[in-house]
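> model this:
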Amino acid sequence: MKRKAAKPIFKSYTQAQPSLIPPSWDELLPAGHQVRVVNWAVGQIDLEPLLRKYKGGGTSSYHPRMMLKVLVYVYTQRIYSSRQIAKGLRENVNFMWLSGGNRQDFRTINYFFHLAKVICNRSQPMQRSKELLQNVDSWI
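Numbering: from 1, shown residues only. Just a heads-up that it's a prediction; the model follows:
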């Protein structure tokens, strides 16, 4: 007995469907996600050596703690290109959550990463923090 050809049925798909309440980034990340571990770990670091490098005046700067969180997280994801990081900050929910929605350009990212590397290599408290952060992958 031959089956009659059935017409395929698809789930509803509307890209432009407005949402009454947009979800927060926090709701989109599971409780034990790696990005949350990085957020917690960087939150424990004393940033005084890094903060001393910032001069007053001029335009406002991105907060170094947020920038460091992004730096550590992208290294755990094996992303090293500042352009790829800038793209992630525009497109990836994990990056958006860490940066609080800030979208730095690749030049700002590159400048901060160079500054953070120099300070981590010269500062004793930052050396201890560096050792702490090298174990982030094993915490997950």
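
> Quick check, central residue of this protein?
residue 95 (3.2 Å; C-alpha atoms, centre = their mean).

> check contacts around the closest residue to that residue other than its chain neighbours.
The shortest distance from residue 95 to any non-neighbouring residue, by C-beta to C-beta, 6 or more residues apart in numbering, is to residue 88 (4.2 Å). From N, CA and C alone the C-beta is placed, and that goes for glycine too. By C-beta atoms under 8 Å, 6 or more residues apart in numbering, residue 88 lies in contact with 74, 79, 94-95.

> List the buried residues for the longest helix seen in the chain?
Among the segments of the chain that qualify as a helix by DSSP state H, the longest is helix 106-122. For helix 106-122, burial by neighbour count (16 or more other C-beta atoms under 10 Å) applies to 108-110, 112-113, 116, 119-120.

> Over to stretch 50-57?
residue 50.

> who's in contact with that stretch?
Contacts of stretch 50-57 (C-beta under 8 Å, 6+ apart): 61, 64, 68, 115-116, 119, 126.

> Can I get these in TSV including pLDDT?
Output for the contacts of stretch 50-57, formatted as TSV (pLDDT from 0 to 100):
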residue	pLDDT
61	85
64	87
68	91
115	83
116	81
119	73
126	51
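
> confidence score at residue 1?
As predicted, residue 1 sits at a pLDDT of 68.

> The one 3 residues further on too?
Per-residue confidence (pLDDT) for residue 4: 77.

> Report the mean per-residue pLDDT for stretch 47-58.
Here the average pLDDT along stretch 47-58 is 79.

> what distance separates that stretch from the centre of its chain?
Centroid separation between stretch 47-58 and its chain, computed with C-alpha atoms, centre = their mean, to the nearest Å, is 21 Å.

> Tell me where the model's unsure across this protein.
1, 8-12, 20, 22, 120-140 (pLDDT under 70).

> at 50 instead, please
140 (pLDDT under 50).

> what about the strands in it?
Counting by DSSP state E, one finds no strands in the chain.

> quick one: the helices in it?
25-28, 34-43, 48-51, 64-76, 82-91, 93-99, 106-122, 124-133, 136-139.
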